[in-house]
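> fold the following and give me the result.
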Amino acid sequence: MGQDAAFQSNRTIALSMAIGTGGLAFFAIIPIVMGSLVTAGRIDAQQLGWVATGSTIFSAAGMILGLKWLKRSQDRWIVVLSGAIVAIGNVVAWFMPNFALIFLACSVAGVAQGVLVAVVALSIGFAANPARLSGIFLAVSVPPPLLMAYFLPAVLMPRFGNGAGFASVALVGAICSICALFIRDDFAKEMHEVVEPIRWSPWNIAALAGVLLGTAGFGAAWTYVDLLGGGLGLTPQRIGLALSAAIVGQFVISSMVAMIGWRLPMLKTLLVVSAFQIAIAMMLQTAGTPLMFTLLLSAFGSLWQGSTPYATGLLAALDDSRRLAALTLPLQLVGLALGPLVASTVASTHVFYVLLIAAGFYGMTLLAYMFVLFDHKYSDTISFKSLEADPTGHFEPLGTEAAE
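Numbers count the residues shown, from 1 in each chain. A predicted model of the protein is given here:
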């Protein structure tokens, strides 16, 4: 089922991308923002994992709620309120006196961040060409967190203190609120067609597990980058530079996948990426020089980002209803919560143990994708170009009808 024409104006799409970028920016700089709480002595390494988990899992819940709530243009006030909650929640989180209140503030802000991400997810899913708009969004969403990853540890935190990270995220939330005020088009296109249900099988369940476990492996290491770099004797400026390089790498690899990478076989590519991620996680433990740390971290972040379109394409190919592909982003958010949660159990003992956790998650990811090889109906020669996922699947993944 295709779209007859774009139902949103270019202005609304641009505003949606700005709001979605704001919602996702926090996750790119989470090592810096959350790491500042440890540096300031507000929480310990284990509690860092819990706070990151709470923020991320509630973001996933917020996204699901946003996809359900946001329909008509008057719903923009929900987005305005969500941006305000992100702003207030992050300011409050920094001034909270103990771990429990910090966790609560970050979790509430996380729900609001999820709603912001839902705005762009709706625009992409109902677009005339969802794949193209998704690629554009991946590209334009990189510069803001890239600038924040560099300037926070290099300029803003040395001058204004560790709270500058939370203040920056709060400012982003306020900007998202302002952007939402100018939205005039509906968030979702009214649909009346009955949507084909998901066709479950052991192989598409394994593919879903691969998405979840792979993202958990990434999140386990990414959340603790600030502490890992410090354990290797790197300065905050060096760590910020490494994060910036990793984000640039994510932009580059996303662009390469959009231009030529879609020609690669999806399942085989995911198997290779999983194997490489295991090796990189192990090598990060001994990355003694700033250059090596930057190169390995860039490879680690880039391979995770670059593998996402392959995972989405694999899910679309394994399920005739094409609705499994819609579960990629929610599963990734759950994975970004699960990874830090598990890593937090060992972080306080020895921070480098989180890399063993990351490698273990990617080992299970490799096994999950290897299981998909037993699906004789699946052909790994299918390219992204031949996949046109049902747009309605992006917002009602578990329902039976697109319209109430």
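
> where does this protein have low pLDDT?
Confidence mapping of the chain against pLDDT under 70 gives the ranges 1-6, 129-132, 134-135, 191-196, 258, 260-263, 320-323, 325-326, 376, 379-404.

> check contacts around the closest residue to residue 153 other than its chain neighbours.
Distances taken as CB to CB, 6 or more residues apart in numbering put residue 240 closest to residue 153, at 3.4 Å, once the chain neighbours are dropped. Where C-beta positions appear, they are placed from N, C-alpha and C, glycine not excepted. Contact analysis of residue 240 by CB atoms under 8 Å, 6 or more residues apart in numbering lists 32, 149, 150, 151, 152, 153, 154.

> in the helix or strand hosting residue 240, what counts as buried?
Using DSSP states H and E, the element containing residue 240 is helix 236-259. Neighbour-count burial for helix 236-259, counted by 16 or more other CB atoms under 10 Å, picks out 236, 238-255, 257-258.

> dump the host helix or strand of residue 209 to PDB, restricted to CA.
In this structure, residue 209 is located in helix 202-222 according to DSSP H and E. Provided in PDB are the C-alpha atoms of helix 202-222 (Å, rounded to 0.1, in the frame of the first residue of the first chain):
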ATOM      1  CA  PRO A 202      11.000 -18.900  15.200                       C
ATOM      2  CA  TRP A 203      13.200 -17.000  12.700                       C
ATOM      3  CA  ASN A 204      11.600 -13.600  12.900                       C
ATOM      4  CA  ILE A 205      11.600 -13.900  16.700                       C
ATOM      5  CA  ALA A 206      15.400 -14.700  16.500                       C
ATOM      6  CA  ALA A 207      15.800 -11.600  14.300                       C
ATOM      7  CA  LEU A 208      14.000  -9.500  16.800                       C
ATOM      8  CA  ALA A 209      16.200 -10.900  19.500                       C
ATOM      9  CA  GLY A 210      19.200  -9.900  17.400                       C
ATOM     10  CA  VAL A 211      18.100  -6.300  17.300                       C
ATOM     11  CA  LEU A 212      17.500  -6.200  21.000                       C
ATOM     12  CA  LEU A 213      20.700  -8.000  22.100                       C
ATOM     13  CA  GLY A 214      22.900  -6.100  19.600                       C
ATOM     14  CA  THR A 215      21.600  -2.700  20.900                       C
ATOM     15  CA  ALA A 216      22.100  -3.900  24.500                       C
ATOM     16  CA  GLY A 217      25.700  -4.700  23.700                       C
ATOM     17  CA  PHE A 218      26.200  -1.200  22.200                       C
ATOM     18  CA  GLY A 219      24.400   0.500  25.100                       C
ATOM     19  CA  ALA A 220      26.400  -1.500  27.700                       C
ATOM     20  CA  ALA A 221      29.700   0.000  26.500                       C
ATOM     21  CA  TRP A 222      28.500   3.400  25.200                       C
END
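
> give the next helix or strand downstream of that helix.
Per DSSP H and E, the first helix or strand lying C-terminal to helix 202-222 is helix 225-231.

> output the contacting helices and strands for that next one.
Here helix 225-231 touches helix 30-39, helix 236-259, going by 3 or more CB pairs under 8 Å, 6 or more residues apart in numbering; DSSP states H and E.

> who does the following helix or strand past the shortest one touch, helix- and strand-wise?
It stands for helix 30-39. Where DSSP H and E defines the elements, the next helix or strand beyond helix 30-39 is helix 45-69. On a contact count with 3+ CB pairs under 8 Å, 6+ apart, helix 45-69 meets helix 10-28, helix 30-39, helix 76-95, helix 99-125, helix 328-347.

> contact partners for residue 169?
Residue 169 touches 25, 26, 29, 33, 86, 90, 109, counting by CB under 8 Å, 6+ apart.

> list the buried residues of the biggest helix by length in the chain.
Using DSSP state H, we find that the single longest helix of the chain is helix 290-318. Across helix 290-318, burial judged by 16+ other CB under 10 Å covers 290, 293-318.

> cool, and stretch 12-19?
By neighbour count on 16+ other CB under 10 Å, the buried set for stretch 12-19 is 12, 13, 15, 16, 17, 18, 19.
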